[in-house]
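Visitor: sharing a model that was predicted from the sequence below.
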Amino acid sequence: MNREAFLSDTLHHITDALQTVAGLEETEALLASVGASMGEKIYAQECTLLKVDRLPVASLPASFDALAEGFGADFLGNDSQTTRFVMENCRCSCSRNSDTQRGYCNLMANILGSLAANSAGYAKVRLEKLAKHPTGCCRLVVDLEDDGTPGIEYFAHD
């Protein structure tokens, strides 16, 4: 077993155990918190790499794509506009079964939401579609303006 497989299996089993002990809602809340913290760290790394105080909004699509590639995901049809980013992932790198997939999707949503909000000041993320493992695609939308649709809102931490 290589390092990547070991860490993936470990995360999978920790998530399953947590879900069994604490329930789906508590597991999702924990993964959301972890995702927000990871988003903050990744944002700081991106700013350091680019030598900027605030990540330019125009660099978000490249940052999102680099994250997806690094995670082993495959964002297809990244429909990027100036205030909306629509991404579909047809290769979930985290979840092995649909029972834990929603938590992993929330983890990714929180990472992307944190990155986008710190760059633009505000972001709203919607998980429009969850893939049914092992086939299918998930669809995630990141809006930089509040259009009144439901979603998870994020604000910059200045």
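Guide: On my side now, so go ahead.
Visitor: show me what counts as buried in stretch 57-66.
Guide: Buried residues in stretch 57-66, counted by 16 or more other Cβ atoms under 10 Å: Leu60, Pro61, Ser63, Phe64. Where you see a C-beta, it was placed from the backbone N, CA and C, and this is true even at glycine.
Visitor: now these in JSON lines, with secondary structure and pLDDT?
Guide: Output for the buried residues of stretch 57-66, formatted as JSON lines (DSSP: H, G, I helix; E, B strand; the rest coil; pLDDT from 0 to 100):
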{"residue": "Leu60", "secondary structure": "helix", "pLDDT": "88"}
{"residue": "Pro61", "secondary structure": "helix", "pLDDT": "84"}
{"residue": "Ser63", "secondary structure": "helix", "pLDDT": "87"}
{"residue": "Phe64", "secondary structure": "helix", "pLDDT": "85"}
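Visitor: okay but Phe155 is in contact with Ala117, surely?
Guide: Yes: counting by Cβ atoms under 8 Å, Phe155 touches Ala117, with 5.5 Å between them.
Visitor: between the two, which is the more surrounded one?
Guide: The neighbour comparison of Phe155 against Ala117 (other Cβ atoms under 10 Å) goes to Ala117, with 23 against 12.
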